[in-house]
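Student: what follows is a protein structure lacking sequence information:
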């Protein structure tokens with residue numbers, strides 16, 4: 001709708017609402033006189049009822065969903081109360097003048113109508129203050145509301161985002177694999193992942209069970225020496241070292257040195273039996289006088 005017709009429509013609606021308020025103002029003023037209000041209070045009484053109706057309607061347009069229902073309930077309640085008082089004003093001819101009169105011949109109905117007419121100003125104070133507080137504490141959401149987009153023309157709407165590029169129909173063939181690709185793949189697979197690096201070996205929390213222990217029995221010194229003799233039978237003396245014996249019989253370094261000394265001692269004893277000893281010094285020289293004595297005895 002263009003701006004000019006819209007302004008004319010709003011002005012026409014305001015004029016109708018103003019005339020309706022003037023008709024209702026007359027009936028409510030007479031009801032206020034009937035319940036004992038002074039001339040000034042009776043004059044402003046219609047503003048208390050119909051004025052709160054107008055304010056509740058404006059608050060319903062501003063407030064969010066939950067508070068909007070509250071404002072609409074106030075609007076409906078005060079509309080119904082104004083309708084009842086206008087209806088009573090039309091039924092009771094005595095209300096058309098000034099002064100205090102009964103609103104109904106039946107006493108319970110009269111009490112109820114008086115209670116309704118006198119409670120409307122108090123309700124206006126309570127509900128009006130609550131609506132004012134809700135409006136003041138309301139923070140409108142940033143940006144435009146989604147429903148305003150439907151009332152726009154096509155040129156006013158924002159331009160759509162660029163569409164996604166279409167995929168080409170013809171795809172080029174993949175390049176032939178090179179020799180470096182498998183090597184790079186193997187190198188990439190051989191790297192430990194972050195999860196594997198993060199996992200740490202779990203520490204033992206108890207005694208090692210018997211089933212998980214090694215089944216090999218503990219060997220005695222004689223058994224180790226027998227195995228060492230069999231393993232080093234063909235070794236020369238220069239290769240008879242503790243390190244080679246440790247690897248051959250699978251024992252500790254300390255026991256390997258003990259086995260080496262024992263094997264060397266056995267080989268030395270086998271090379272030089274008991275009762276014989278090796279003379280390392282030079283042979284003694286013979287005495288010439290002793291050599292001549294046997295020769296003289298042989299001549300005689």
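Tutor: Yep, it's here. Keep in mind that this is a model prediction, so the values were computed, not measured.
Student: in the strand or helix carrying residue 22, what's buried?
Tutor: For residue 22, the enclosing helix or strand under DSSP states H and E is helix 3-34. Judged by neighbour count (16 or more other CB atoms under 10 Å), helix 3-34 contains these buried residues: 21, 24-25, 27-34. For the C-beta atoms, the positions are set from N, CA and C on the backbone; glycine is no exception.
Student: pLDDT-wise, what's the bottom of those residues?
Tutor: pLDDT across these is lowest for residue 21, at 80.
Student: quick one: it and residue 50, what's the gap?
Tutor: Using CB to CB, to the nearest Å, we find residue 21 at a distance of 5 Å from residue 50.
Student: kindly report the same for residue 108.
Tutor: From residue 108 over to residue 50 the distance is 27 Å, taken as CB to CB.
Student: so for those two, which residue has more residues nearby?
Tutor: When residue 108 and residue 50 are compared on other CB atoms under 10 Å, the one with more neighbours turns out to be residue 50, at 19 against 8.
Student: that one contacts residue 25, doesn't it?
Tutor: Yes. Assessed by CB atoms under 8 Å, residue 50 is found in contact with residue 25 at 7.2 Å.
Student: quick one: which of the buried residues of helix 3-34 is nearest residue 65?
Tutor: Sorting those by distance to residue 65 puts residue 21 at the head of the list, at 28.9 Å, by CB to CB.
Student: check contacts around that closest one.
Tutor: In this structure, residue 21 makes contact with 46, 50, judged by CB atoms under 8 Å, 6 or more residues apart in numbering.
Student: low-confidence stretches in the stretch 1-150 of the chain?
Tutor: Using pLDDT under 70 as the threshold, the predicted model of the stretch 1-150 of the chain has low-confidence ranges 97-99, 140-150.
Student: how about the nearest residue to residue 45, chain neighbours excluded?
Tutor: Counting by CB to CB, 6 or more residues apart in numbering, the nearest residue to residue 45 once its immediate chain neighbours are dropped is residue 32, at 3.8 Å.
Student: from what I can see the one you found touches residue 117, true?
Tutor: Yes. Between residue 32 and residue 117 there is a contact under CB under 8 Å: 7.3 Å.
Student: can you name the element that comes right after the helix holding residue 22?
Tutor: The helix or strand immediately downstream of helix 3-34 is helix 39-62, counting by DSSP H and E.
Student: list the buried residues of that following helix.
Tutor: Taking 16+ other CB under 10 Å as the neighbour-count basis, helix 39-62 is seen to contain the buried residues 42, 45-46, 48-50, 52-53, 55-56, 59-60.
Student: now it against helix 3-34, angle please.
Tutor: For helix 39-62 against helix 3-34, the angle by axes from the mean of the first three to the mean of the last three CA atoms, to 10 degrees is 140 degrees.
Student: just checking, what packs against helix 39-62?
Tutor: Contacts defined by 3 or more CB pairs under 8 Å, 6 or more residues apart in numbering; DSSP states H and E place helix 39-62 against helix 3-34, helix 65-91, helix 107-137.
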